[in-house]
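Engineer: Turn this into a model:
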Amino acid sequence: SKAVEAKGLLFQVQSFSFLLSLVIFDRILSCTKQLSDQLQSSKIDLYRASELVTASKVMLQQFRTDEYWDQIFRYATDIANTHSISTEVDEPRSTRKQRPANLDDSIITDSVGSREPMKTSHFKTRLYFPVLDQFLVEMNARFNQSNCIILKGIATCSPSSSVFLDFQDMKEFALMFGIDVTTLVMEVALASRVASRNSIKTTVDLGRYLHSCLPVHRNLYDTIQIAFTNAVSSAECEHSSSLKRIKTRLRTTMGEDRLSDLAILFIERDMASKTLDYEQIIDEFASADKNQ
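Structural biologist: Down below sits the predicted model:
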């Protein structure tokens, strides 16, 4: 059976549809790789990340054209010809499919175990465009206009950023949280001069300096506080030994709810040891379905 399965896998790998899928995902993932690397970096540049988000969206929109699809299809065809892979695809038969007799009086919303042979246009409408649409939907949901404003706003609070204390980018961020921007503009101008003269290298240093000057720079200090409370990246803390106690190799395959419950038990282990009845838990586990 293993030999049959291996031959089946080999046949699928050597098919043109598999090759075309590889080419499609290579193009799309190559477009989003820089953004992914930037967002997962422990030294993330938020302003650059926001620019990459916009650029990635525009590029994915440009991918979703018939002209670009033709380029991808020709490229995949050239690779197939080089490696002697057949590029022929079966055309759908003109005969009408017979519906199973037991489903005559039913409304069918799913497949019935058969499919139409794919032709060239089907790869575009059933694979390429749907994948691109899903990428764009996810990116628009995760990086909407409000989130991009927040990314740029937090970047203006970091001395290491190229837009440090840039009022235009900070203004939209401040307006989202009800900061008085008419006063903020002068506070930013004064603080930028002070920052260049003092050893302010991090956002924490800037926050400490502004706190020492209160009630002066009140609006700028409030903006910095908001930037502090926004979680930016978990890339660096994911390498800590404490998190590895929870997120082991086995638990990375678990569902999010179970992993969250285990994390709470570990974090609140002192309280759990006093309130949980281990004998009752063992009894419930023993009485559960053996197949689970």
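Engineer: tell me the domain ranges of the chain?
Structural biologist: Under the assignment automatic domain parsing, the domains of the chain span 2-89+120-143, 164-229, 240-286.
Engineer: Pick the most buried one from those.
Structural biologist: Highest mean neighbour count of these: domain 164-229, a mean of 16 (counted as mean count of other C-beta atoms under 10 Å). In this view, the C-beta of every residue, glycine as well, is placed from N, C-alpha and C.
Engineer: Ends of it, what's the gap?
Structural biologist: Using C-alpha to C-alpha, to the nearest Å, the end-to-end distance of domain 164-229 comes to 18 Å.
Engineer: quick one: average confidence on it?
Structural biologist: Over the span of domain 164-229, the pLDDT mean works out to 85.
Engineer: Show me how far that domain is from its chain's centre.
Structural biologist: If you compare the mean C-alpha spot of domain 164-229 with that of the full chain, they lie 30 Å apart, counting by C-alpha atoms, centre = their mean, to the nearest Å.
Engineer: Name the helix or strand for residue 199, please.
Structural biologist: Under the criterion DSSP states H and E, no helix or strand holds residue 199.
Engineer: Could you do residue 62 as well?
Structural biologist: helix 46-63.
Engineer: contacts for whichever helix or strand comes after that helix?
Structural biologist: Next along the chain after helix 46-63, taking DSSP H and E as the criterion, comes helix 66-82. Identification of contacts with helix 66-82 by C-beta atoms under 8 Å, 6 or more residues apart in numbering yields 16, 19-20, 23-24, 27, 62, 85-87, 120, 123-124, 128.
Engineer: Repeat the analysis, applying 7 Å as the threshold.
Structural biologist: The set of residues external to helix 66-82 that reach it, using C-beta atoms under 7 Å, 6 or more residues apart in numbering, is 16, 19-20, 23-24, 27, 62, 87, 124, 128.
Engineer: which helix is the longest one in the chain?
Structural biologist: Secondary structure assigned by DSSP state H gives helix 16-40 as the longest helix of the chain.
Engineer: Just the angle for it relative to helix 46-63, thanks.
Structural biologist: 160 degrees (axes from the mean of the first three to the mean of the last three C-alpha atoms, to 10 degrees).
Engineer: Report the distance from helix 16-40 to the chain centre.
Structural biologist: Here helix 16-40 is found 13 Å from its chain centre; the criterion is C-alpha atoms, centre = their mean.
Engineer: hmm, back to that, can you lay out the domains of the chain as TSV showing distance to residue 152?
Structural biologist: Listed next are these as TSV, based on distance: least, C-beta to C-beta, whole Å:
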stretch	distance to residue 152
domain 2-89+120-143	5
domain 164-229	4
domain 240-286	29
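Engineer: so which of the ones you listed comes closest to residue 153?
Structural biologist: Closest to residue 153 of the domains of the chain is domain 164-229 (C-beta to C-beta; 2.2 Å).
Engineer: And for the helix or strand in which residue 212 is found, what's in contact with it?
Structural biologist: Taking DSSP H and E as the criterion, residue 212 maps to helix 203-213. Applying C-beta under 7 Å, 6+ apart, the external contacts of helix 203-213 come out as 157-159, 195, 198, 200, 217, 220-221, 224, 227-228.
Engineer: can we see that at 10 Å?
Structural biologist: 154, 157-161, 164-165, 187, 190-191, 194-195, 198-200, 202, 216-218, 220-225, 227-228 (C-beta atoms under 10 Å, 6 or more residues apart in numbering).
Engineer: before we move on, what about stretch 7-20?
Structural biologist: Here stretch 7-20 has contacts from 21-22, 72-73, 75-77, 79-80, 83-89, 118, 120, 122-123, 127-128, using C-beta under 10 Å, 6+ apart.
Engineer: Pretty sure residue 54 sits against residue 148.
Structural biologist: Yes. Assessed by C-beta atoms under 10 Å, residue 54 is found in contact with residue 148 at 7.1 Å.
Engineer: what packs against the helix holding residue 62?
Structural biologist: helix 16-40, helix 66-82, helix 129-142, helix 145-155 (3 or more C-beta pairs under 10 Å, 6 or more residues apart in numbering; DSSP states H and E).
Engineer: I'd like the average pLDDT over the third one.
Structural biologist: In this model, helix 129-142 has a mean pLDDT of 91.
Engineer: May I have it exported as PDB, CA atoms only?
Structural biologist: What follows is helix 129-142 as a C-alpha-only set of coordinates in PDB (Å, rounded to 0.1, in the frame of the first residue of the first chain):
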ATOM      1  CA  PHE A 129      -7.900  34.800  -7.900                       C
ATOM      2  CA  PRO A 130      -9.500  33.100  -4.800                       C
ATOM      3  CA  VAL A 131      -6.100  32.800  -3.100                       C
ATOM      4  CA  LEU A 132      -5.200  36.400  -3.900                       C
ATOM      5  CA  ASP A 133      -8.600  37.600  -2.600                       C
ATOM      6  CA  GLN A 134      -8.100  35.700   0.600                       C
ATOM      7  CA  PHE A 135      -4.700  37.300   1.100                       C
ATOM      8  CA  LEU A 136      -6.100  40.800   0.500                       C
ATOM      9  CA  VAL A 137      -9.100  40.200   2.800                       C
ATOM     10  CA  GLU A 138      -6.800  39.100   5.600                       C
ATOM     11  CA  MET A 139      -4.400  42.000   5.100                       C
ATOM     12  CA  ASN A 140      -7.200  44.500   5.100                       C
ATOM     13  CA  ALA A 141      -8.700  43.000   8.200                       C
ATOM     14  CA  ARG A 142      -5.400  43.000  10.100                       C
END
